[in-house]
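A.B. asks: Fold the following, please.
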Amino acid sequence: MPVGTAGTVKAVTHQQLNEDVKAQIILGNTYHLYLRPGLDVLEQAGGLHAFSGWDKPILTDSGGYQVFSLANNRKITEEGVVFRSHIDGSQHLFTPERVMDIQRTIGADIIMAFDECPPYPSSYEYAKESMELTHRWLSRCISRLSATEEKYGYTQHLFPIVQGGVYADLRKASCEFISAQGAVGNAIGGLSVGEPEGMMYEFCQLCCESLPADKPRYLMGVGTPWNILENIALGIDMFDCVMPTRNGRNAMLFTSKGIINIDNQKWARDFSPIDDGINCAISQHYSKAYLRHLMKSKEYLGLTIASVHNLAFYLHLVTEARQHILQGDFISWKNQQVEILQQRL
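C.D. replies: Sure, this is the predicted structure:
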């Protein structure tokens, strides 16, 4: 799922998301959209779909991760989180109920529960208290959604979020609590926050063994192309990450042959396509040399080409993964791909 934090996937038009990337769903962020353009504008427009012109599904992150990353500008209580805006310093309160109302107004098709994402590393005591707070907040999220009507004429689904840090018993307990809520899909949060890659896989596998197999499992904020393939093998169905666009804007390209730093001199006279191994007109049309020229010249078009290419590659990769799962040869294909994808060209 491409990340469109403030109602836009950075440097990429919706036409490009549809035609080149072939995205089926994008993300918005509650914290950022609440602050700007604000709920009045979004409601008057008829929700984020109408406001932005995106007619496919939207998932909204609850804003919990953004709020909790403001360590020096927020205070956590049982009621919720008091925080100061990064824009103008104004003070705001996010409660589970308020966050559900905000996501209703934004118009998300998938609404994420309001949770606390503990930092890595955290003590066992902190991770336990944080998990229990997340569970209590989840119960309040569910009650609020049950007591309010959907907006804009379509169903809005809640996904709970598993927490528990890097403690196996806490993760298992959280999975059991989340599974018991009977939601249409479930998310795993609090991974890929600084822990070693192997630890992420370990706890992802533990969660997948406990969460219902017949409902989508969403691993939040992950990751590199090889992270995605390894986690698919463990049982994950949904991913989001800013990496394709953020890294693209910083000259890192993910391709079907490996990783390219397009800033490097070696690409200055390479007139071959960025990546002719994927079905994306932009990746096939523009050369590595031209993209390098744009990036070195600080032309905005370079940011767009790199972002569209990386997103198209990610969507190509998961489409291929789905096909190999259906063919029954996913593991052998995955093992081969992981080696290729980590190569630096």
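
A.B. asks: which residue sits closest to the residue positioned nearest the centre of the chain in space, ignoring its chain neighbours?
C.D. replies: Nearest residue to the geometric centre of the chain (CA atoms, centre = their mean): Asp240, 2.5 Å. Of all residues not flanking Asp240 in the chain, Met1 sits nearest, at 4.2 Å (CB to CB, 6 or more residues apart in numbering). Where C-beta positions appear, they are placed from N, C-alpha and C, glycine not excepted.

A.B. asks: count of residues packed around the one you found?
C.D. replies: Neighbourhood size, Met1 [other CB atoms under 10 Å]: 21.

A.B. asks: re the thing from before, pretty sure the residue nearest to the centre of the chain contacts Ile58?
C.D. replies: No. The pair Asp240 / Ile58 is not scored as a contact, 11.7 Å apart, by CB atoms under 8 Å.

A.B. asks: any residues in contact with both of these two?
C.D. replies: Common neighbours of Asp240 and Ile58, using CB atoms under 8 Å, 6 or more residues apart in numbering, are Leu27.

A.B. asks: Could you tell me how far the worst-scoring helix or strand of the chain on mean pLDDT lies from the centre of the chain?
C.D. replies: Least confident helix or strand, the chain: helix 64-69 with a mean of 74, by mean pLDDT, DSSP states H and E. Its chain's C-alpha centre and that of helix 64-69 lie 14 Å apart, by CA atoms, centre = their mean, to the nearest Å.

A.B. asks: So for that helix, what gets flagged as buried?
C.D. replies: The neighbour-count check on helix 64-69 (16 or more other CB atoms under 10 Å) flags Gly64, Tyr65, Gln66, Val67, Phe68 as buried.

A.B. asks: before we move on, what about stretch 36-50?
C.D. replies: Pro37, Leu42, Glu43, Gly47, Leu48, His49.

A.B. asks: Let me see the backbone angles for the fourth one.
C.D. replies: Spelled out, that is Gly47. phi 100, psi 170 (degrees, to the nearest 10).

A.B. asks: picking that back up, quick one: mean pLDDT for the next helix or strand along the chain from the least confident helix or strand of the chain?
C.D. replies: As assigned by DSSP states H and E, the chain's next helix or strand after helix 64-69 is strand 74-76. Mean per-residue pLDDT for strand 74-76: 88.

A.B. asks: CA atoms only for the helix or strand immediately after strand 74-76 in the chain - export them in CSV, please.
C.D. replies: The helix or strand immediately downstream of strand 74-76 is strand 81-84, counting by DSSP H and E. C-alpha atoms of strand 81-84 as CSV (Å, rounded to 0.1, in the frame of the first residue of the first chain):
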residue,chain,number,x,y,z
VAL,A,81,-2.7,11.6,24.5
VAL,A,82,-2.2,15.3,24.8
PHE,A,83,0.2,16.6,22.2
ARG,A,84,1.4,19.8,20.6
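
A.B. asks: before we move on, back to that, could you export the buried residues of helix 64-69 to a markdown table, including columns for distance to Asp214?
C.D. replies: As requested, these are exported to a markdown table (distance: CB to CB, whole Å):
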| residue | distance to Asp214 |
| --- | --- |
| Gly64 | 27 |
| Tyr65 | 27 |
| Gln66 | 31 |
| Val67 | 32 |
| Phe68 | 31 |
